[in-house]
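# give me the fold of what follows.
(chains A and B)
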Protein chains: 2
Amino acid sequence: MTRSNWSVPETEVVQRVHERLDGDRTDVLATIVDVEGNAYRRPGAKMLLDEAGEGVGSITAGCLEDELLVAAESVRERGRPELVTYDLMEDDDDVWGLGVGCNGIIDVLLEPLTDAYRPAVEAFDEGRSVAVLTVLEGGDGGDEGDGRDRRDGGDALLARGDRAYYHPDEGLLATPDGEPATAWPDELTGPAADLAERGRADTVELDVSGTQLEVFIDGLAAPTELVIFGSGHDVGPVTELAAKNDFRVTVVSFRGSVDLQARFPDADATVTTSPASIDEAIDLDDCTYAVVMTHNFVDDRLTVERLLDSPVPYVGLMGPHKRFEEMVEAFESEGTTFDDAALSSLYTPMGLDLGGGSPYQIAHSIVAEVLSVSNDRTPDHLRTREGHIHDRVSVDSTDDIPSQ
Amino acid sequence: MTRSNWSVPETEVVQRVHERLDGDRTDVLATIVDVEGNAYRRPGAKMLLDEAGEGVGSITAGCLEDELLVAAESVRERGRPELVTYDLMEDDDDVWGLGVGCNGIIDVLLEPLTDAYRPAVEAFDEGRSVAVLTVLEGGDGGDEGDGRDRRDGGDALLARGDRAYYHPDEGLLATPDGEPATAWPDELTGPAADLAERGRADTVELDVSGTQLEVFIDGLAAPTELVIFGSGHDVGPVTELAAKNDFRVTVVSFRGSVDLQARFPDADATVTTSPASIDEAIDLDDCTYAVVMTHNFVDDRLTVERLLDSPVPYVGLMGPHKRFEEMVEAFESEGTTFDDAALSSLYTPMGLDLGGGSPYQIAHSIVAEVLSVSNDRTPDHLRTREGHIHDRVSVDSTDDIPSQ
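Coordinates of the predicted model:
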């Protein structure tokens, strides 16, 4: 596998899934369902494996990929999803193993890529969050064929491999065909909504009529929108690094003469407008992060004025704090004031204090700040953080996943 | 100018200077000497302009580049350095200007690129820090020709445009020909050493026999070395982002079968060795930062053990803290202990707490941490930082630089 295919941003993995769905080959999609111990990626991490053994995305730092290829070939041949457990802990006395590249127990869902996955990538492409629900252990304890038969009856039960989607914006739990998923317990909608919005994955166990139902819920959050106001050269490195970090980047220019898409090829969208017409061009909601770097005082001021009066949770402004103080004077002379809640969304000078001064170092510090704010983190050293690095989700998870 | 030429890492600007010195054309090198007010780059920022008007590097976020091209053409024709001042503040009542892309007063040194600059790039290429000293105002108050004549006499005086180099590793102030720069005051060596090591630039004013000597000192610090132990796919994004942030990256692998340079094209060097032979392969000094991510417990442990016993100021270790605690048990069972000073250099889990989990997000957080530690910063939001974003150097600077 080539370097560039392994380390693609997550958004590109989903894009690739969409492309391959439209193709005539059957790829195998691998998704981490559960990890125990020390693993590089967390549940929800994905890798797409084609028939030639080429992969896009990453499940581990390279330790499992060969084994995955073999398992994927078997899944492709059988045409059915499988849950495979890789135990990289060699024995109990030597918890951290010898000779292997990773440590921990990793459960991976392998599935032939079929149209049953299309609702996920279509929602993602439309910028809508979605949760993909997969039955790991059916309420009847039976296997796939068994369950499918019984679902047609009035006392429908779910079977291993059954799938549904939850769309938070519609509040709808649906089958891959888009029909209401009436066979699925309503209790799943709460965790599905939470995991979809947060882009996290976890396994939920439910008791259904006295038997255990185990469902893997993979939340695909809509990519976080980053809107960059400005069209100077310094917008380039910010766009590039933000795209690598899975932001969906829109560059907004107030200068009509620039070919924005050619200048900022990493941008997902470019818009030319005026400060007075921002609202017509951009959706300023509470999932949109904004960076203001037009280098023009009046343009910056009009943009910041509009952003501080919007639900946008992060408004980064380039320049020294004194420059913003000048803006405040201009606001006040117009009778405009902002309360503390609005001002708490303003970051100026924007960026984390990393000490760098080159264009890339400045961009690195800005993107690091947007990442930390969008993930609700205090950007300190991880070594000082208590507890786990990764967020733990609030729903119950199980350790009793059947292994290979 | 193309996007990629503008936002190149600083190290690539110096590399380009070297290439163009070896060519047969005369480029013009622009260096920021002083900024007042609100400027994107700080003193020492460089841009190289060729005869076709193409530039590499950046002085501003795009606001001055057209004017610079005109001035560079004049400098190329006259064959002499010039100090040009750009006043982007339109008038005192409207400090932040209207319609212009930047604000502030920027002094730029423009010089035809000649062999007089070669000692700087050669030192930089060798990984040695160096300071480039340029007389802005001569001790005799005269112009260049005037000064050059008098320098031949016993009562040597310096003239505008005269140049010397300070090599901290040799403690030597030298002319571009490599001779001792006897005409230059010894008082310059202190600030030159400081600025060279820190990679900062400033202007120093001295009183020489009753007249003012004004010298711009441009410190080119050797690129900070980042040594990455590991050869998994996840090393790729760290290498790529570190190189963009001006680190000189060496990838060290303990697996002989991998073509490291092909796998990590952004690495400046690759080394295959064993944990027992690290010292023979790598210079572990106090300017070297280390990241340990072999994903192999024993390899990681042996590497960390060696690094904690070296002057390396930063040892980043991938994985949860519990994994390091297991290492400590292994160290202790061998009778090896580390004091608090050694352990203070250890960062595990490595990286800043930005909340991301994709390969690029993990790499972004690691490189952000190395940047902050190498620049001696607390990686908080810049908006909470008191005082200036950029370091101020400790030597006196002047605001009285002659303008265009």
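
# C-alpha only now, for contacts and for neighbours.
Noted.

# other residues contacting the helix of greatest length in chain A?
Across chain A, the longest stretch assigned as helix under DSSP state H is helix A:359-374. Residues outside helix A:359-374 that contact it (C-alpha atoms under 8 Å, 6 or more residues apart in numbering or on different chains) are A:234, A:237-238, A:241-242, A:289, A:314, A:350-354, A:356, A:378-379, B:7-9, B:244-245, B:353-356, B:364-365, B:368, B:381.

# stretch A:237-245 now?
Outside stretch A:237-245, the residues that touch it by C-alpha under 8 Å, 6+ apart are A:8-9, A:226, A:228, A:248-249, A:251, A:264, A:266-267, A:359-360, A:363-364, A:366-367, B:7, B:358, B:360-361, B:364.

# how does it look with 7 Å?
A:Pro9, A:Val249, A:Asp266, A:Ala267, A:Pro359, A:Tyr360, A:Ala363, A:His364, A:Val367, B:Ser7, B:Tyr360, B:Gln361 (C-alpha atoms under 7 Å, 6 or more residues apart in numbering or on different chains).

# between those residues, which is nearest A:Thr31?
A:Pro9 (15.2 Å; C-alpha to C-alpha).

# next, that closest one: phi, psi?
Note on A:Pro9: backbone dihedrals following degrees, to the nearest 10 are phi -60, psi 150.

# over to A:Val84?
According to degrees, to the nearest 10, A:Val84 has phi -120, psi 130.

# so it sits against A:Ile106, correct?
No: with contact defined as C-alpha atoms under 7 Å, A:Val84 does not reach A:Ile106; the gap is 8.2 Å.

# those two: which is more packed in?
Neighbour count, other C-alpha atoms under 10 Å in any protein chain shown: between A:Val84 and A:Ile106, A:Ile106 has more, with 26 against 20.

# and the more buried one, what does it touch?
Counting by C-alpha under 7 Å, 6+ apart, A:Ile106 makes contact with A:Asp34, A:Val35, A:Glu36, A:Thr85, A:Tyr86, A:Asp87.

# hey, what's it bridged with?
A:Val35, A:Tyr86 (DSSP bridges).

# how close does it get to A:Pro180?
Separation of A:Ile106 from A:Pro180 (C-alpha to C-alpha, to the nearest Å) stands at 32 Å.

# what do you get for A:Leu352?
For A:Leu352, the distance to A:Pro180 (C-alpha to C-alpha) stands at 46 Å.

# out of the two, which sits in the busier spot?
Remark: of A:Leu352 and A:Pro180, A:Leu352 carries more neighbours, 31 against 15, as counted by other C-alpha under 10 Å.

# may I have the phi/psi pair for A:Asp22?
Residue torsions, per degrees, to the nearest 10, at A:Asp22 are phi -80, psi -10.

# same check, this time on A:Asp309
phi -100, psi 20.

# need the pLDDT of the closest residue to it other than its chain neighbours.
Closest residue in space to A:Asp309, ignoring its immediate chain neighbours: A:Ala342 at 7.1 Å, by C-alpha to C-alpha, 6 or more residues apart in numbering or on different chains. Confidence at A:Ala342, expressed as pLDDT, is 91.

# please apply the same query to the one 4 residues further on.
According to the predicted model, the pLDDT of A:Leu346 comes to 97.

# now A:Phe124
88.

# tell me the gap between the helix or strand containing it and the middle of its chain.
Per DSSP states H and E: A:Phe124 is located in helix A:118-125. Mean-position distance between helix A:118-125 and its chain equals 13 Å (C-alpha atoms, centre = their mean, to the nearest Å).

# just stretch A:180-195 next, same as before
Distance, stretch centre to chain centre, for stretch A:180-195: 20 Å (C-alpha atoms, centre = their mean).

# after the strand or helix carrying A:Leu302, next one along is what?
Using DSSP H and E, A:Leu302 maps to helix A:297-308. Next helix or strand after helix A:297-308 toward the C-terminus (DSSP H and E): strand A:314-317.

# all strands of the stretch 51-200 of chain A, in order?
A:55-57, A:82-87, A:105-112, A:130-137, A:163-167, A:172-174 (DSSP state E, counting those that start in this stretch).

# would you turn those into TSV with mean pLDDT?
Converted to TSV, those look like this (pLDDT from 0 to 100):
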stretch	mean pLDDT
strand A:55-57	87
strand A:82-87	88
strand A:105-112	91
strand A:130-137	94
strand A:163-167	95
strand A:172-174	93
